[in-house]
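K.L.:
The following block contains a protein sequence and its predicted model.
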Amino acid sequence: MNPLFQPTLAVLNARMLGKLAVIACTMFGFGFAMIPIYRSICEVTGINSLTQVDQDAKRFADNTQVDMTRVISVEFDANARGPWQLRPRTGSVNAHPGELVTVEYELVNTLDREVQGQAIPSYAPQAAAQWLRKLECFCFKQQSLGPNERRLFPVVFVLDPKMPVEVGTITLSYTFFEVGQPVPAAPI
């Protein structure tokens with residue numbers, strides 16, 4: 001730099017403003033890019049796949065033989081966080097690996113306004129998520145219920161015949177949350 005030319009304070013401030021504007025625009029763009037990047041990473045690693053449609057489940061159900069030598073008890077549970085009542089229509093079923101099973105959950109909106117919610121499944125044992133292959137489930141997308149509406153939702157699944165023989169019971173539980181509203185505290 002020429003020692004005779006010393007930038008003025010205004011020139012230094014303008015350079016700094018330009019640098020900060022570039023950094024702010026880059027961060028803003030990165031924030032928008034995070035959503036597809038996150039989805040791609042989750043898809044590749046299998047993280048956050050609990051509410052995704054099992055693309056192979058239909059083909060899997062069509063190509064399996066029912067193992068009549070084994071009976072697995074599948075128990076159902078439900079929790080609602082917010083203005084909902086959620087319950088399975090049956091507490092449990094006995095199913096053979098490879099057998100197509102349909103159960104229903106009843107969901108009730110207890111408010112005088114329309115609400116939207118999302119069901120999140122959980123499994124016990126935790127590895128059961130890979131053996132219980134869902135073809136249809138209300139957890140695949142958000143649900144909208146009108147004021148005081150009551151609706152039945154089917155859950156259609158098949159148990160993988162490759163499930164370890166020591167597994168005799170699987171528990172499928174759903175927790176239903178209202179979308180777009182603060183989540184109420186868990187009951188004590």
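P.N.:
Everything's here; your move.
K.L.:
which intervals of this protein have sub-threshold pLDDT?
P.N.:
Low-confidence regions of the chain, defined by pLDDT under 70, span residues 1-4, 42-64, 181-188.
K.L.:
which helix is the longest one in it?
P.N.:
When the chain is parsed with DSSP state H, its longest helix is helix 9-45.
K.L.:
by contact count, what packs against that one?
P.N.:
Taking 3 or more C-beta pairs under 8 Å, 6 or more residues apart in numbering; DSSP states H and E as contact, there are no helices or strands that helix 9-45 lies on. (Each C-beta comes from the backbone N, C-alpha and C, glycine too.)
K.L.:
Centre of the chain to that helix, how far?
P.N.:
Averaging C-alpha coordinates over helix 9-45 and over its chain gives two centres that are 29 Å apart (C-alpha atoms, centre = their mean, to the nearest Å).
K.L.:
now Ser173, nearest residue through space, not along the chain?
P.N.:
In this structure, Ser173 finds its nearest non-sequential neighbour in Asp77, 3.9 Å apart by C-beta to C-beta, 6 or more residues apart in numbering.
K.L.:
got the contact list for that neighbour?
P.N.:
Shown in contact with Asp77 (C-beta atoms under 8 Å, 6 or more residues apart in numbering): Pro88, Thr171, Leu172, Ser173, Tyr174.
K.L.:
Now do it against Glu104, distance only.
P.N.:
Separation of Asp77 from Glu104 (C-beta to C-beta, to the nearest Å) stands at 14 Å.
K.L.:
Next, count neighbours for Asn79.
P.N.:
Around Asn79 sit 17 other residues, with neighbours defined as other C-beta atoms under 10 Å.
K.L.:
for the helix or strand hosting it, which positions count as buried?
P.N.:
Of the helices and strands defined by DSSP states H and E, Asn79 is found in strand 72-81. Neighbour-count burial for strand 72-81 flags Ile72, Val74, Phe76, Asp77, Ala78, Asn79, Ala80, Arg81 (criterion: 16 or more other C-beta atoms under 10 Å).
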